[in-house]
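> Could you work out the structure for the sequence below:
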Amino acid sequence: MVKVLEINSCNYGSTGNIMLGIAALARAHGITCYTSCPDGRSTRKKQLTDHIFIGNRFSRNLHIKLAELTGKNGCYSFIDTICFLRKIDKIKPNIIHLHNLHNCYINLQMLFNYIKSKKIPVVWTLHDCWAFTGQCPYFTIVKCNKWRTECYDCPQYRQYPKSYVDRTKIMYNLKKEWFTGVQNMTIVTPSQWLAEQVEQSFLKNYQVKVINNGINLNVFKPTKNNFREAHGIGKDEYMLLGVAFGWDRRKGLDVFIELSKRLPKQYKIVLVGTDVNVDKRLPWNITSVHRTQNQKELAEIYTAADLFVNPTREENFPTVNMEALACGTPIITFNTGGSSEIINETCGHVVVSGDIDAMEKEIYGICNQHFFNSEACLKHANNYWENDRFAEYIDLYKNNDL
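You can find the predicted model right below:
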C-alpha cells in the first residue's frame, strides 16, 4: 500500500492548496496521504484530517530571528525536527513529497539525513529556485548566475528570506551537501523554464519531471457580473486587468503606472491585490481593488476584463494567467520564467521582459483588432484542470521507480 507524507511551509495559498489538492485526490485513489506544515495562527484556521503540525509559533519565530541574525536559514528548530521525525517513524511513509522548505520551520540537515538513512523515495516539487541557490527564490531581476557554480556576495540577501548578513556562500555549500545524494528523488517543476534551471544546478543529477500547476475550472469560468458598471467602465472602453499579491517592481507595478500615462482614456486599468501603501503610488486613473471576498468574485473580475496584462519580471508558472484564460480573457505577458508557457497563439501574446513599448503596442493591437476570442481562451484553459494535473502526481506515486 502506498503511503505518502507531504511537507510544505503552509497549508493555504497556492502551494498549500496544491499540497492539499494532491492529498485529496490521492486519498480518493486509495492512497494513504498525510500532510504537514508549521504550526501558526494562519495554518490552524483549517480543520484538516491526517495533518501534522511541525513545532509551535514560539520556536518558529525564534528560528526566523536566528536566521535573520546569522544568515543560516533552516539550520535551527532542532527539538521541533526531532519530534517531527519521530512522528514520521510512526507513520512509516514509503514516499515523502516535499514542497517549500524555506523560511525557517524545520532543520534541513536533520530532515535530509533522515531521508538518506531511511532510504525513503522522495518527490520534491520546486515552486521557485530556492532549493539550488544560497538564499534567494529568484535571481532574474538582479541577473545573477552565481548559483550555477557557487553563491557569494549576494546582491539581495536582505530580501526574502531576510538576513542581516551575507552567508550565501556557506548556505549554498550546505544545501549542496544536504540536498544531493538522496538515493531516490524525483524533482518536479511546474514549468519547463524551472526544469532548465534545475538542470544547470547542483540538483542536475536527479530526474526532473514537469507537471504544470492547475486551477479549479468549476470556480474559474465565465461569470456574470456588474463589475464594469460598478466602476464606471463603459462598453466602448477597454478594461485592462492586473492581479497580484504583493505588488512591486517584480510584479510590474511600475509598468502599469507607466502604461497609465501612455494609454488613451478609453483604456481603463484595474489592479487587484493592492493595499494602502500601493494606493499611494498609483495615479488617479488606475482602479485599485485591495482584495476579493472569494474566488467567485475574482472570477467575475477576470470575466469583466478585455485583456489580462501580466508584466511580471520574476515568475515560475503564474496561477493568475490560468485563471484569466479560464474566464475567457486573453493575456499579454513578459517572457518571464514560465509565464509565457501558459499561453499559445490562440489566446495571447508575449513580449520581451521589460519592453513597455512593445507591451503598449500589443495592447492596442489586441484590443482594437480582436485577435482572440473567449472560446479559444476557454479551450486552452482546459489544459489546466487541477484534477488532471494532480493525477500526474498520483501516477508518480504509483510508479515504483518514481
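> can you map out the strands along this protein?
3-7, 32-38, 51-54, 95-98, 122-125, 185-189, 207-210, 238-243, 267-272, 286-289, 307-310, 331-334, 348-351 (DSSP state E).
> Let me see the mean pLDDT of the fifth one.
Throughout strand 122-125, pLDDT has a mean value of 98.
> partners of that strand in the sheet?
Sheet pairing of strand 122-125 (DSSP bridges) gives strand 95-98 (parallel), strand 185-189 (parallel).
> For these, give me JSON lines that also has mean neighbour count.
For glycine as for every other residue, the C-beta is placed from the backbone atoms N, C-alpha and C. Formatted as JSON lines, the strands paired with strand 122-125 follow (neighbours: other CB atoms under 10 Å):
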{"stretch": "strand 95-98", "mean neighbour count": "24"}
{"stretch": "strand 185-189", "mean neighbour count": "23"}
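> ok, the residue of the chain most remote from its centre to Lys268 distance?
Most distant from the centre of the chain: Asp236, at 35.2 Å, with distances by CA atoms, centre = their mean. From Asp236 across to Lys268, the span is 11 Å (CB to CB, to the nearest Å).
> roughly how far apart are the nearest residue to Ala244 once chain neighbours are set aside and Lys143?
Distances taken as CB to CB, 6 or more residues apart in numbering put Lys251 closest to Ala244, at 4.2 Å, once the chain neighbours are dropped. Counting by CB to CB, the separation of Lys251 from Lys143 is 18 Å.
> the more surrounded of those two?
Each of Lys251 and Lys143 has its neighbours counted (other CB atoms under 10 Å); Lys251 has more, 24 against 7.
> Roughly how far does that one sit from Asn17?
Taking CB to CB, one finds Lys251 at 20 Å from Asn17.
> so where do the helices sit in this protein?
Applying DSSP state H to the chain gives helices spanning 13-28, 57-70, 78-91, 108-118, 168-179, 192-198, 227-230, 253-262, 276-279, 295-304, 319-326, 356-369, 374-381, 386-398.
> if you compare those, which one is most tucked away?
Across the helices of the chain, averaging neighbours per residue (mean count of other CB atoms under 10 Å) puts helix 319-326 on top, at a mean of 27.
> what mean pLDDT does that helix have?
Averaging pLDDT along helix 319-326 yields 98.
> Output that helix as CSV, restricted to C-alpha atoms.
Output of helix 319-326 as CSV, limited to C-alpha atoms (Å, rounded to 0.1, in the frame of the first residue of the first chain):
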residue,chain,number,x,y,z
THR,A,319,-1.7,30.9,-11.5
VAL,A,320,-3.3,34.2,-12.5
ASN,A,321,-2.6,33.5,-16.1
MET,A,322,-4.5,30.3,-16.0
GLU,A,323,-7.4,31.9,-14.0
ALA,A,324,-7.7,34.7,-16.6
LEU,A,325,-7.9,32.2,-19.5
ALA,A,326,-10.4,30.1,-17.7
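> same for it, what does it pack against?
Packing contacts for helix 319-326, counted by 3 or more CB pairs under 8 Å, 6 or more residues apart in numbering; DSSP states H and E, involve strand 238-243, helix 295-304, strand 307-310, strand 331-334, helix 374-381.
> Of the strands paired with strand 122-125, which is nearest Glu360?
With CB to CB as the criterion, Glu360 lies closest to strand 185-189 of the strands paired with strand 122-125, at 32.0 Å.
> can you give me the offset of the closest one from its chain's centre?
16 Å (CA atoms, centre = their mean, to the nearest Å).
> Just want the angle from that strand to helix 108-118.
130 degrees (axes from the mean of the first three to the mean of the last three CA atoms, to 10 degrees).
> Please report how far the residue nearest the centre of the chain lies from Asn8.
Geometric centre of the chain, nearest residue: His127, 5.3 Å, by CA atoms, centre = their mean. Using CB to CB, His127 is found at 9 Å from Asn8.
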